[in-house]
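> prediction below, plus the sequence it came from.
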Amino acid sequence: MPCQSFWTRLARERFAMVDLTEEECAAITATMKRVALLMDEIGWATPLAELTEAQVRALIEEAVEGFREAMSDIARAQTPEVPF
């Protein structure tokens, strides 16, 4: 119990989770589709421990780039045009 209490207190003090915005949730959904296409190429039955360095790098790059692009698209759609 002392160990559990320690980690619970530590989590409350330092590692607070932040709720995702609607935009971030939408961007994650868009990103999942891109990552899924890459996983189709790699093979869904391939354990993570058996991925090559190049495959792991490709998954990370696809996730980061997909999220960045989706957030950019969302921001662009929500920003009104300049009226001149």
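Great, that's in hand.
> what is the subsequent helix or strand relative to the lowest-mean-pLDDT helix or strand in the chain?
Least confident helix or strand of the chain, by mean pLDDT, DSSP states H and E, is helix 2-14 with a mean of 75. Following helix 2-14 in sequence order, the next helix or strand is helix 22-42 (DSSP states H and E).
> list of residues touching that following helix?
20, 51, 55, 58-59, 62-63, 65-67, 69-71, 73-75, 78 (Cβ atoms under 8 Å, 6 or more residues apart in numbering). The C-beta positions use only the backbone N, C-alpha and C, and glycine is treated the same way.
> can we see that at 10 Å?
Applying Cβ atoms under 10 Å, 6 or more residues apart in numbering, the contact partners of helix 22-42 are 18-21, 44, 46, 50-52, 55-56, 58-75, 77-78.
> show the subsequent helix or strand relative to that helix.
Next along the chain after helix 22-42, taking DSSP H and E as the criterion, comes helix 53-78.
> buried stuff in that following helix?
For helix 53-78, the buried set under the neighbour-count rule, 16 or more other Cβ atoms under 10 Å, comprises Gln55, Ala58, Leu59, Glu62, Ala63, Gly66, Phe67, Ala70, Met71, Ile74.
> please apply the same query to stretch 22-36.
Residues of stretch 22-36 classed as buried by neighbour count (16+ other Cβ under 10 Å): Ala27, Ile28, Ala30, Thr31, Arg34, Val35.
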